[in-house]
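>>> Only the shape, not the letters, is given here:
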């Protein structure tokens, strides 16, 4: 028997509502929701005079989807992936995100790589797919194409030295786009708001009103209704979670999720249910949430502790929670589900 699960869309709305509650705001917020990047996005601004700027953020979402999507025909990434190794001229924004993706791929020591496209395309977690497990042969062929060093950038020209390779920006695109939206809003004078791109949350300045921090929920893994496991309070920061419960399917009682181990080509199996990263910019959070998840609990904790201005929360499949040294100190943390245990080392 095959089952498909894509949790998180209703939770994205719940998360936004949670962060809006009890804010003591001086003006009524304005909010808009749409569907981009295969997920629900919601942007809320705490000043009704910025309706034009709010609308422009959704124009930005459409623009970036038309540049970065690997599935949508005619985008910059689609052209690179279908050029058979020939150089393709792309936008400045595409060059910008590719350089960021290459940097994160290099620093991850093989855990994260934006040339994962051939492998990720084998695993279909959409509602309409047949949920087939790829063959061993297909996985091995795809693994052979993963190497960020195959990307060649010369000005605005991009090529892949391996014509069979494919770029997939799914691990960083939402973070990059959220940061660009925030930069635009800041330039326009917006002082308080919340950008939520399918659960990638970025605060725009402190919250309006007496309470300056936003209360952001961390979802309880595999909760069908998006129940919150815990909350953190942040201001002008980003909170991004990668979890096995977000997109997965089941075949004969075995769960296959979307976070792929690039050493095997199969979903990562390391007893983690989720990793939440908190930092100032959303691109960092987006890339690290996947990378640190793939590192596993012990190595991931040590790695984040070595970074400046980054914190992490790990939720394991046995119901325990561990986090880095700033959680509960510089970043207020509240556990809501008493069935989970906080482990301090």
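Structure's in. What do you need? Because the structure is a prediction, the values reported are computed rather than measured. Residues are numbered from 1 along each chain as shown.
>>> Report how many residues lie close to residue 83.
14 (other CB atoms under 10 Å). All C-beta spots, glycine's among them, are computed from the backbone N, C-alpha and C.
>>> try residue 289
Counted with other CB under 10 Å, residues neighbouring residue 289 total 25.
>>> show me where the stretch 51-200 of the chain has strands.
Applying DSSP state E, counting those that start in this stretch to the stretch 51-200 of the chain gives strands spanning 88-89, 151-154, 157-160, 193-197, 200-204.
>>> what lines up beside the fourth one in the sheet?
If I follow you right, that is strand 193-197. Strand pairing for strand 193-197, using DSSP bridges, gives strand 39-45 (antiparallel), strand 200-204 (antiparallel).
>>> if you compare these, which one is most tucked away?
strand 200-204 (a mean of 26; mean count of other CB atoms under 10 Å).
>>> follow-up on the earlier one: quick one, which of the strands of the stretch 51-200 of the chain is nearest to residue 44?
strand 193-197 (4.7 Å; CB to CB).
>>> and the closest one, average pLDDT?
Across strand 193-197, pLDDT averages out at 97.
>>> what does that strand contact?
12, 15-16, 19-20, 36-37, 39, 41-46, 57, 61, 174, 177-178, 181-182, 185, 201-205, 214, 282 (CB atoms under 8 Å, 6 or more residues apart in numbering).
>>> do stretch 291-308 as well
When contacts are defined by CB under 8 Å, 6+ apart, stretch 291-308 is touched by residues 104, 108, 111-112, 242, 259, 261-262, 268, 270-272, 274-275, 277, 288, 310-312, 314, 316, 322, 324-325.
>>> Give me the buried subset of the residues you listed.
104, 108, 111-112, 242, 259, 262, 268, 270, 272, 274-275, 277, 288, 310-312, 314, 316, 322, 324 (16 or more other CB atoms under 10 Å).
>>> Mind checking which of those land in helices?
Applying DSSP state H to the buried ones among the contacts of stretch 291-308, the entries found in helices are 104, 288.
>>> Off-centre distance for stretch 161-178?
Put simply, stretch 161-178 sits 12 Å off its chain's centre (CA atoms, centre = their mean, to the nearest Å).
>>> in that stretch, what's buried?
Across stretch 161-178, burial judged by 16+ other CB under 10 Å covers 162, 165-178.
>>> okay, now residue 63: neighbour count?
Residue 63 has 14 neighbours, counted by other CB under 10 Å.
>>> Output the below-cut-off pLDDT ranges for the stretch 101-250 of the chain.
In the predicted model of the stretch 101-250 of the chain, residues 128-129, 210 satisfy pLDDT under 70.
>>> Could you report the neighbour count for the closest residue to residue 134 other than its chain neighbours?
Nearest-residue entry for residue 134: residue 122, 4.0 Å, with adjacent residues in sequence omitted and distances by CB to CB, 6 or more residues apart in numbering. By other CB under 10 Å, the residues close to residue 122 number 17.
>>> Make 558 the starting number, not 1.
Sure, I'll start counting at 558 from here, so that last one is residue 679.
>>> Let me know whether residue 679 touches residue 690 as I believe.
No: when contacts are counted by CB atoms under 8 Å, residue 679 is not listed as touching residue 690 (9.2 Å).
>>> Nearest residue to the middle of the protein?
The centroid of the chain falls nearest to residue 843 when counting by CA atoms, centre = their mean (4.2 Å).
>>> Mind telling me what element it is part of?
helix 839-852 (DSSP states H and E).
>>> For the stretch 658-807 of the chain, just list every one of the helices.
Assigned by DSSP state H, counting those that start in this stretch, the stretch 658-807 of the chain shows helices spanning 674-679, 693-700, 730-744.
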